[in-house]
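>>> Could you work out the structure for the sequence below:
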Amino acid sequence: MRRRNLWATAVAPAVLVTTVLTWWLVRDPAPYALSGGPAVHLTVRPEKSRYPEAGEVADEARLLLEVYVQRLRAGDADGLADLGAPWYTGRDRAARDLVDRYRAHAGGAAEAIVRDPAVPDLAGVELRFGDGRRQTLGISRDHDDVWWLQLGDGDPVAP
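As a prediction, the model looks like this:
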């Protein structure tokens, strides 16, 4: 009986730790994802800098930027509004405006250049569409390390 209790006491915490660690490693904290189409051809890179932060942000925000270009290309203003920082207001209107202004330019390959973040959790991104048109985006990271578009009206620092 004592051996059984000792065994259960040793195994239960190990199983719990393994389960939590597995969940943490497989979870995807981003509440957005690429859909089945249209296909996106986006190169994301940091601007040249002597600091590593732009490269880190480029890696972390790659999915957000790919989803943004995909929603823009599809004309999906509702899906694009969902990429806006949840603490911002006016995301729906701002998303419709962006679709009206940039949808025609989002059809081909594009490049996103992530600028050096001057403030932690904030960055600027220059999108260069294949037809030569350019767009500047602001992005913010929340407390869960999720990157969002600064879309609409709000404070980029205060999630």
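>>> give me the element the residue lying closest to Pro117 once chain neighbours are set aside is part of.
In this structure, Pro117 finds its nearest non-sequential neighbour in Ala123, 4.3 Å apart by CB to CB, 6 or more residues apart in numbering. Any C-beta I mention is one placed from the backbone N, CA and C, and that applies to glycine too. Per DSSP states H and E, Ala123 falls inside strand 122-129.
>>> Give the pairing partners of that strand; include direction for each.
Next to strand 122-129 in the sheet, as set by DSSP bridges, lie strand 110-114 (antiparallel), strand 134-141 (antiparallel).
>>> contacts for it?
Residues outside strand 122-129 that contact it (CB atoms under 8 Å, 6 or more residues apart in numbering) are 54, 57, 61, 65, 69, 102, 105-106, 108, 110-117, 134-141, 156-157.
>>> What distance do you get for the nearest residue to Val119 once chain neighbours are set aside to Thr89?
Distance criterion CB to CB, 6+ apart; nearest residue to Val119, sequence neighbours excluded, is Val157 at 7.1 Å. From Val157 across to Thr89, the span is 16 Å (CB to CB, to the nearest Å).
>>> Tell me the confidence at the residue nearest to the spatial centre of the chain?
With distances taken as CA atoms, centre = their mean, Leu64 lies nearest the centre of the chain, 3.0 Å away. Looking at Leu64, its pLDDT stands at 97.
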